[in-house]
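Enquirer: Output the structure for:
(chains A and B, ligands or ions: 2)
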Amino acid sequence: MSCGKPIAHLWEEFNKRVNEGEEVKKVLDDLGLERFCCRTVFISHVDLIDEVAKFKKS
Amino acid sequence: MEMKKLSMDDMKGSFLVKGTTAWYLNTLRRLIINNVPTLAIEDVTFIENSSALYDEIIAHRLGLVPLVTDETYVDQEKCKCKGAGCAHCTLQFTLNKIGPCTVYAEDLVSKDPKVKAVYPKMPIVKLLEGQSLKIEAVAVMSHGKDHIKHTPGLFYYQQYPTFKIKEHKNAKKCVDVCPKKILELKGNKLKVVDETKCNLCMACVDECPEAIEVKGSETDFIVNVESWGQLTVKQILTEAVRVFDDELDDLAQEVNKIK
Ligand code: SF4
Ligand SMILES: [Zn+2]
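Expert: Ligands and ions are numbered 1, 2, ... in the order given. Just a heads-up that it's a prediction; the model follows:
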């Protein structure tokens, strides 16, 4: 179940701020992500494209 | 029916609706999910894609990008072209990027300057040195029962809470237990600060059943509308009502035909 809210545009800011050491809860609240369906996406996402992009597609 | 604004801007609205029923509001909710048309990318032609992602994944991602919807476009189902696709119900986009870079939703360029991505900084794919992406895409005006990407927003409601404060001695416990922090002790008397924030969790009643009674109204509701950006909250509501109106007109015509 998910509410369907568009959140992709917030990912880069979230990632940057968390990597700079800000608390995850605070960043999520700042970005206006109230519901757990939005929050869980950001908390659990692992960005792999930098690794995957080095290999050839089959 | 009576509607009072609690708060509203283009993206989010909260209303108090009095003298209605849950099924009536649910009809409105389903109309917004299923029947309010918006623009979204439907067909993508790949001229070049040497990125890490497959064509299908990029096409899917592009389809989910919300587009600012101009109300001059008409739902393809009801368009004069009968679903073939014409300038009234479709719009062409192009995207051309060479790595190294991140492709964003803002890189989608359309022929109509009014229609662009709602959120410019949505990443589509990352391109490394030597990779490139060149596509043509067609956005279609359609509705949520066709694909969820056309749904303009979220609509949810809850019963308006009514409180009954009874004679009591120690109600400190239920003040502490309220997750919304809307109960207060004034001297020895229990008070509700902002009842619109109550989510009817009943934690206070479980804690002090002798002090407080909470009930959801059957006729009054708090209605929340959130826009995903294609249309404003006001546009979503008026469009939903208009679509319903059209459907009822159709039904009335059919009924009149019966001899
Ligand atoms: S029902 Fe829940 S939210 Fe409402 S006042 Fe009681 S504890 Fe607070
Ligand atoms: Zn058409």
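
Enquirer: buried residues in the lowest-mean-pLDDT helix or strand in chain A?
Expert: The least trusted helix or strand in chain A, going by mean pLDDT, DSSP states H and E, turns out to be helix A:49-52, with a mean of 88. Using 16 or more other Cβ atoms under 10 Å in any protein chain shown as the test for burial, helix A:49-52 gives A:Ile49. Backbone N, C-alpha and C define where each C-beta goes, glycine included.

Enquirer: Can it be said to contact chain B?
Expert: Yes: Helix A:49-52 comes into contact with chain B (Cβ under 8 Å from any Cβ of the partner chain), by way of A:49-50, A:52.

Enquirer: For that helix, output the C-alpha coordinates as PDB.
Expert: What follows is helix A:49-52, C-alpha atoms only, in PDB (Å, rounded to 0.1, in the frame of the first residue of the first chain):
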ATOM      1  CA  ILE A  49      23.100   3.000 -10.400                       C
ATOM      2  CA  ASP A  50      26.700   4.200 -10.000                       C
ATOM      3  CA  GLU A  51      27.900   0.600  -9.700                       C
ATOM      4  CA  VAL A  52      25.500  -0.900 -12.300                       C
END
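
Enquirer: and it, what other elements does it pack with?
Expert: strand B:123-127 (3 or more Cβ pairs under 8 Å, 6 or more residues apart in numbering or on different chains; DSSP states H and E).

Enquirer: now do 6 Å
Expert: If contacts are counted by 3 or more Cβ pairs under 6 Å, 6 or more residues apart in numbering or on different chains; DSSP states H and E, helix A:49-52 sits against no helix or strand.

Enquirer: What lies in contact with that helix?
Expert: Applying Cβ atoms under 6 Å, 6 or more residues apart in numbering or on different chains, the contact partners of helix A:49-52 are B:52, B:126.

Enquirer: How far does it sit from its chain's centre?
Expert: The gap between where helix A:49-52 is centred and where its chain is centred comes out at 16 Å by Cα atoms, centre = their mean, to the nearest Å.

Enquirer: And for stretch B:167-177?
Expert: The chain centroid and the centroid of stretch B:167-177 are separated by 38 Å under Cα atoms, centre = their mean.

Enquirer: Pull out the CA atoms of that stretch and give them to me as PDB.
Expert: The C-alpha atoms that make up stretch B:167-177 are tabulated as PDB, following Å, rounded to 0.1, in the frame of the first residue of the first chain:
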ATOM      1  CA  GLU B 167     -17.400  14.600  36.000                       C
ATOM      2  CA  HIS B 168     -14.000  13.300  36.900                       C
ATOM      3  CA  LYS B 169     -11.300  13.500  39.500                       C
ATOM      4  CA  ASN B 170      -7.900  12.700  38.000                       C
ATOM      5  CA  ALA B 171      -7.700  12.900  34.200                       C
ATOM      6  CA  LYS B 172      -3.900  13.600  34.000                       C
ATOM      7  CA  LYS B 173      -3.400  10.100  32.500                       C
ATOM      8  CA  CYS B 174      -5.500  10.700  29.400                       C
ATOM      9  CA  VAL B 175      -3.800  14.000  28.800                       C
ATOM     10  CA  ASP B 176      -0.500  12.300  28.600                       C
ATOM     11  CA  VAL B 177      -1.700   9.400  26.500                       C
END
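
Enquirer: pLDDT on that stretch, on average?
Expert: Mean pLDDT, computed over stretch B:167-177, is 80.

Enquirer: Just give me the neighbour total for the closest residue to A:Val24 other than its chain neighbours.
Expert: Spatial nearest neighbour of A:Val24, excluding adjacent residues (Cβ to Cβ, 6 or more residues apart in numbering or on different chains): A:Val18 at 5.8 Å. For A:Val18, the number of neighbouring residues by other Cβ atoms under 10 Å in any protein chain shown comes to 16.

Enquirer: what do you get for B:Leu67?
Expert: B:Leu67, neighbours per other Cβ under 10 Å, totals 23.

Enquirer: Could you single out the nearest of the residues of helix A:49-52 next to chain B to ligand 2?
Expert: Taking Cβ to the ion as the measure, ligand 2 lies nearest A:Ile49 of those, at 36.8 Å.

Enquirer: My guess is B:Gly19 contacts B:Met1. True?
Expert: Yes: using Cβ atoms under 6 Å, B:Gly19 is in contact with B:Met1, at 5.2 Å.

Enquirer: which stretches of chain A have low pLDDT?
Expert: Judged by pLDDT under 70, chain A has its weakly predicted residues at A:58.

Enquirer: Just want the most central residue of it.
Expert: A:Phe42 (3.3 Å; Cα atoms, centre = their mean).

Enquirer: What residue in chain A comes nearest to ligand 1?
Expert: With Cβ to the nearest ligand atom, the shortest gap between chain A and ligand 1 falls at A:Glu34, namely 15.8 Å.

Enquirer: And the most centrally placed residue in chain B, its phi and psi?
Expert: Among the residues of chain B, the one closest to the centroid is B:Gly153, at 1.0 Å (Cα atoms, centre = their mean). For B:Gly153, the backbone dihedrals (degrees, to the nearest 10) come out as phi 170, psi -170.

Enquirer: Please consider this matter closed, and thank you.
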